[in-house]
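> Need a 3D model of the following:
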Amino acid sequence: MLLKEFLLVGLGGAVGSMLRYGISLTTGLMELSPAVGTLFVNGIGSLVIGIVLAVCEQSTWYLFLAIGLCGGFTTFSTFSAQTLDFFQTGKIAAGIVYLFVTLLLCLFFVWLGLSFGGKLFK
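Below you'll find the predicted structure:
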């Protein structure tokens, strides 16, 4: 059973990653900023995960669509769903902390990675 679940998540992740790359190529061909593609992917991914969470229980479809496809397409959708869950369950302070800590921590780690990579490879 566990192998089936891993395969469902992996297949969904592969599809999501290919869709993400296709959107990157499309925005490049349209001569749009990469940020436009990222914004589009994050918005669509958040919409899709919202629909999946509304209609799918913890099932094979949930594994394939929410964990796999949306996870491969954009992890921002998961972040959005988790943040909203804090607010919906009345954990407002935890939601605010999670929101800001995630954004600040991720920005810091990108900066750190750029700094480390720049020093390492130059």
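
> Can you list the low-confidence ranges for the chain?
Applying pLDDT under 70 to the chain picks out residues 119-122.

> In it, which helix is the longest?
The longest helix of the chain (DSSP state H) is helix 92-121.

> Report the buried residues of that one.
95, 98, 99 (16 or more other C-beta atoms under 10 Å). Quick note: C-beta positions are derived from backbone N, CA and C, even for glycine.

> Residue 83 is in contact with the last one, correct?
Yes. Under the criterion of C-beta atoms under 8 Å, residue 99 lies in contact with residue 83, with a separation of 5.3 Å.

> circling back to that earlier point, just checking, what packs against the longest helix of the chain?
On a contact count with 3 or more C-beta pairs under 8 Å, 6 or more residues apart in numbering; DSSP states H and E, helix 92-121 meets helix 76-88.

> roughly how far out does the longest helix of the chain sit from the chain middle?
15 Å (C-alpha atoms, centre = their mean, to the nearest Å).

> That helix to helix 76-88, inter-axis angle?
If you take axes from the mean of the first three to the mean of the last three C-alpha atoms, to 10 degrees, helix 92-121 sits at 150 degrees to helix 76-88.

> Distance check, the spatially most central residue of the chain against residue 20.
Central residue of the chain (C-alpha atoms, centre = their mean): residue 75, 1.4 Å from the mean position. Residue 75 is 11 Å from residue 20, where distance means C-beta to C-beta, to the nearest Å.

> swap in residue 33?
16 Å.

> Equivalent analysis for residue 14, please.
11 Å.

> Next, show the common contact partners of the two.
Taking C-beta atoms under 8 Å, 6 or more residues apart in numbering as the criterion, residue 14 and residue 20 both touch residue 72.

> Of those two, which one has the most company?
residue 20 (17 against 13; other C-beta atoms under 10 Å).

> what about that one, which SS state?
helix (DSSP: H, G, I helix; E, B strand; the rest coil).

> Buried residues of stretch 49-60, list them for me.
Using 16+ other C-beta under 10 Å as the test for burial, stretch 49-60 gives 49, 50, 52, 53.

> could you dump that stretch to CSV, C-alpha only?
Extracted as CSV, the C-alpha positions of stretch 49-60 are listed here (Å, rounded to 0.1, in the frame of the first residue of the first chain):
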residue,chain,number,x,y,z
ILE,A,49,-5.5,22.8,-3.9
GLY,A,50,-8.5,24.6,-2.5
ILE,A,51,-10.9,22.7,-4.8
VAL,A,52,-9.1,19.4,-4.0
LEU,A,53,-9.3,20.0,-0.3
ALA,A,54,-13.0,20.8,-0.6
VAL,A,55,-13.9,17.7,-2.6
CYS,A,56,-11.4,15.0,-1.8
GLU,A,57,-10.9,13.2,1.4
GLN,A,58,-7.6,11.6,2.2
SER,A,59,-7.8,9.3,-0.8
THR,A,60,-5.8,8.3,-3.8
